[in-house]
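Q: kindly return the folded structure for what I paste below:
(chains A, B, C and D)
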There are 2 protein chains.
Amino acid sequence: MSAPVSIREVAAHAGVSVGTVSNVLNRPDIVARPTRDRVQAAIKTLGFVRNESARQLRAGRSRTIGLVVLDVANPFFTDVARGVEDEASMSGLSVILCNTDEQLPKETRYLELLEEHRVQGILITPVAGADERLARLQQRGTPVILVDSRSPSGSQCSVAVDDVLGGDVAVSHLLDGGHERIAFVGGPVSLRQVADRLEGATRALQRAGPAADDLMMIETAALNVSAGQRAGAAIAELPARQRPTAAFCANDLVALGLLQEMTRLRIRVPDDVAIVGYDDIEFAAAAAVPLSSVRQPRHQLGRTAAQLLLEEALGADGHEHREVVFQPELEVRRSSQARRPRDTAAAPDAAAEA
Amino acid sequence: MSAPVSIREVAAHAGVSVGTVSNVLNRPDIVARPTRDRVQAAIKTLGFVRNESARQLRAGRSRTIGLVVLDVANPFFTDVARGVEDEASMSGLSVILCNTDEQLPKETRYLELLEEHRVQGILITPVAGADERLARLQQRGTPVILVDSRSPSGSQCSVAVDDVLGGDVAVSHLLDGGHERIAFVGGPVSLRQVADRLEGATRALQRAGPAADDLMMIETAALNVSAGQRAGAAIAELPARQRPTAAFCANDLVALGLLQEMTRLRIRVPDDVAIVGYDDIEFAAAAAVPLSSVRQPRHQLGRTAAQLLLEEALGADGHEHREVVFQPELEVRRSSQARRPRDTAAAPDAAAEA
DNA sequence: CGGACCATTTGACACGTTCCAACCAGGGAC
DNA sequence: GTCCCTGGTTGGAACGTGTCAAATGGTCCG
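A: This is a model prediction of the structure:
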């Protein structure tokens, strides 16, 4: 309840000038030993705590960076956030984490807030792609780094993962496992991630040549569990002959929904239908049948984004915008294990009757 | 790249004094229409952005609150964070989210940081229970509210959920379902949450009277998926006669691990072993066998915590510390459905799902 | 016409810190 | 003795904003 104590009171208490106290705080080495001790004692007994606002005002910039994400509850972003934070704290910066819930108004409000805070820079996955506002922000002096999206004009740095490659890797793996009827489950394709993964999947299939069938497209309305369940029901309804033997899902939530429905309908995974997901969320490995999944280097993504930001914010004027692209990796688990040669034909029929 | 523009330049550009610009910003109603328009036009053309640091310095306190959690990736905390944020933004406050990873040094550093930022107050789930440091913080003028833990001395407000009741409800449900050999899976019991849930479980069993067996205790080293798997293996090794017919897990991760192991070993859930988890994380419903779970009002917890904080920070001096306790609710799903006397395999679609 | 009143606007100060030029004492070189 | 150097310390000027008493100018009343 006591009024906060300022540097001035500390100075008075230690019988010294404010400038000296400031020096003790910031460059302890240049102040004589006895004085330093006296000041530090005063700080302790008075319970002095620096006023960050005043420092920032003086310095012109705050010692924080803003991180704006679409959904804090999404494991992808929490891991990215961790990476950002690790890197930031190494430079003595702290992170303000902002959650937009994919709502443009919230995003706008947070951007204003961060600019008012004079943050060192902003890391953002924008709600609707790179934006006019971001360019203006940048122009007014706040560096902006795009996370998991790219600037069409190349006027910003960005970090992303190659989703096309991810789709390619996943489907190639299924082809290697001997699958020929492969479904792509996910949507809406208006999402860049979905479109890219689909493109990669198609590419892998085309490379395999005419031996493989076309990709069976099962578009969903969203990337969540219940969409996966519905897709599962749709697959189960198909006559056994047309049913895909493998499904590549645009993300793990969809894959888990699909897996759940398969389990419920007693369609065996991976024997009847193999499944590969995307994102490798924590629960992929914990699923009843551990889920194969394409893993993105999320932590690394965050670290690199923060590094780019520091480079741009602190570096000399000669800053070149860069677009860093990471490669995803496939984590193979039981849900897509290669089929055993025997009895692959008999089982699904039996299941279909049940 | 241009230097940030200050209120002074706006004033010059609009041919008016700084005080007037400030008034336009803060009390637009008291300034005459034409002047206001002129100033606003100047703000726009110059691209003026308020300097939050300067405002805070002047005001003495910042317009933010600190939220310190053990793990941002934990859905419990992300939901709490959402609640906090919803409530805070209604009062025009923003939230600084800090992640301690359960490490005391990180916690200490963040507390310092938040105090230096002169936040309105701090919401915290402390690493090691309520603390001397927190009391000092509070004494120096920064209100502290405990989240999901209680102050032994009653010197702080707190919000929590009744974990004893949660354990009681879960086990009562299993008893109602006709189970008699019930296991408690989780640990270490040194965690307050685990101890409380265990206590509730025991209480329910005792109330049921001598008809029920004792609780079978399976203590785990941690509350994660692999601990659950190991517990599952241990259960599977028991001779069928001693094997519990139901397991109440201290959290959902453990429950999912257990479920996974049961599936792998072809022990049927819920027919052979019923499972109830705790926390009702998103993936509980998405599990191969949808998981019954005790749900805590997490969002509400966050909102209430923020409300208490505002009450203490803004309210008059006469503030009484309060300890709010919420009641958890059991969400019943397939994993603990009452056993049918016969033919459990026949009607999978009878499973009710929300 | 003087005074009173109102609606606006102004100017100066305070907030807590950092930075920098200036100052001081003492010591060594000449 | 003067001069310069060096390690310490000081005082004061910013930084950008909010606040508030005082100034300004106009209108109305008597």
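Q: A:Leu310 versus the residue of the stretch 151-300 of chain A found nearest DNA strand C, what's the distance?
A: Among the residues of the stretch 151-300 of chain A, A:Cys157 lies closest to DNA strand C, at 27.2 Å counting by C-beta to the nearest atom of the strand. For the C-beta atoms, the positions are set from N, CA and C on the backbone; glycine is no exception. Remark: distance between A:Cys157 and A:Leu310 (C-beta to C-beta, to the nearest Å) = 11 Å.
Q: can you check A:Arg230 too?
A: 45 Å.
Q: so A:Val189, which of the three states?
A: Under DSSP: H, G, I helix; E, B strand; the rest coil, A:Val189 falls in the coil class.
Q: thinking again about what came up before, for the residue of the stretch 151-300 of chain A closest to DNA strand C, list each beta-bridge partner.
A: Following DSSP bridges, A:Cys157 is listed with bridge partners A:Ile145.
Q: in which helix or strand does the residue in the stretch 151-300 of chain A positioned nearest to chain B reside?
A: Going by C-beta to the nearest C-beta, chain B is nearest to A:Ala288 of the stretch 151-300 of chain A, at 3.2 Å. Here A:Ala288 sits in a region with no helix or strand, counting by DSSP states H and E.
Q: residue contacts, whichever residue of the stretch 51-200 of chain A sits closest to DNA strand D?
A: Proximity of the stretch 51-200 of chain A to DNA strand D (C-beta to the nearest atom of the strand) peaks at A:Arg58, 3.9 Å away. With contacts defined as C-beta atoms under 8 Å, 6 or more residues apart in numbering or on different chains, A:Arg58 is in contact with no residue.
Q: quick check: what element follows the host helix or strand of it along the chain?
A: Element membership for A:Arg58 (DSSP H and E) is helix A:52-59. Tracing the chain past helix A:52-59, the next element assigned as helix or strand by DSSP H and E is strand A:64-69.
Q: what residues sit buried inside the helix or strand following that next one?
A: Using DSSP H and E, the helix or strand that directly follows strand A:64-69 along the chain is helix A:75-90. With burial defined by 16 or more other C-beta atoms under 10 Å in any protein chain shown, the residues of helix A:75-90 counted as buried are A:75-85, A:87-88.
Q: what's the closest of those to chain B?
A: The closest of these, once distances to chain B are taken by C-beta to the nearest C-beta, is A:Thr78, at 4.3 Å.
Q: assess the claim that that closest one and B:Ala73 are in contact.
A: Yes. At 4.3 Å, A:Thr78 and B:Ala73 qualify as touching, with contact defined as C-beta atoms under 8 Å.
Q: need the phi and psi values for A:Leu97.
A: When read as degrees, to the nearest 10, the backbone of A:Leu97 gives phi -100, psi 120.
Q: that one reaches A:Arg82, doesn't it?
A: No. A:Leu97 is not in contact with A:Arg82 according to C-beta under 8 Å; the separation is 10.6 Å.
Q: coming back round to it: report the inter-axis angle for the helix holding A:Arg58 versus strand A:64-69.
A: Counting by axes from the mean of the first three to the mean of the last three C-alpha atoms, to 10 degrees, helix A:52-59 lies at 110 degrees to strand A:64-69.
Q: centre of the chain to helix A:52-59, how far?
A: Between the centre of helix A:52-59 and the centre of its host chain there is 32 Å, according to C-alpha atoms, centre = their mean, to the nearest Å.
Q: tally up the residues packed near A:Gln307, please.
A: Residues near A:Gln307, counting by other C-beta atoms under 10 Å in any protein chain shown, number 20.
Q: who's in contact with it?
A: Listed by C-beta under 8 Å, 6+ apart, the contact partners of A:Gln307 are A:Glu87.
Q: which SSE is it in?
A: Assigned by DSSP H and E, A:Gln307 falls in helix A:298-314.
Q: and stretch A:114-132, does that touch DNA strand C?
A: No. Using C-beta under 7 Å from any atom of the strand, stretch A:114-132 stays clear of DNA strand C, coming no nearer than 13.5 Å.
Q: scratch that, stretch A:54-62 is what I was asking about
A: Yes. Stretch A:54-62 reaches DNA strand C (C-beta under 7 Å from any atom of the strand) through A:54-55, A:57-59.
Q: tell me the residues of chain A that contact DNA strand C?
A: So chain A meets DNA strand C at A:4, A:6-8, A:18-19, A:22, A:25-26, A:48, A:50-51, A:54-55, A:57-59 (C-beta under 7 Å from any atom of the strand).
Q: flag every residue of chain A that's near DNA strand D.
A: Contacts of chain A with DNA strand D, taken as C-beta under 7 Å from any atom of the strand, map to A:16-20, A:23, A:30-32, A:34-36, A:54, A:57-58, A:60.
Q: quick check: the two most widely separated of those residues?
A: A:Pro34 and A:Gly60 (34.1 Å; C-beta to C-beta).
Q: if we can go back for a sec, joint contacts of A:Leu97 and A:Arg82?
A: Common neighbours of A:Leu97 and A:Arg82 (C-beta under 8 Å, 6+ apart) are B:Val72.
Q: look up how far B:Asn224 lies from A:Ala41.
A: A:Ala41 is 46 Å from B:Asn224, by C-beta to C-beta.
Q: same deal with A:Phe184?
A: Going from A:Phe184 to B:Asn224 by C-beta to C-beta gives 32 Å.
Q: and these two? Which one has more around it.
A: Taking other C-beta under 10 Å, A:Phe184 and B:Asn224 do not tie; A:Phe184 has more neighbours (25 against 16).
Q: ok but the more buried one is inside a strand, no?
A: Yes. Counting by three-state DSSP, A:Phe184 is found in a strand.
Q: give the contact list for it.
A: By C-beta under 8 Å, 6+ apart, A:Phe184 lies in contact with A:197-198, A:201, A:215-218, A:247-248, A:250.
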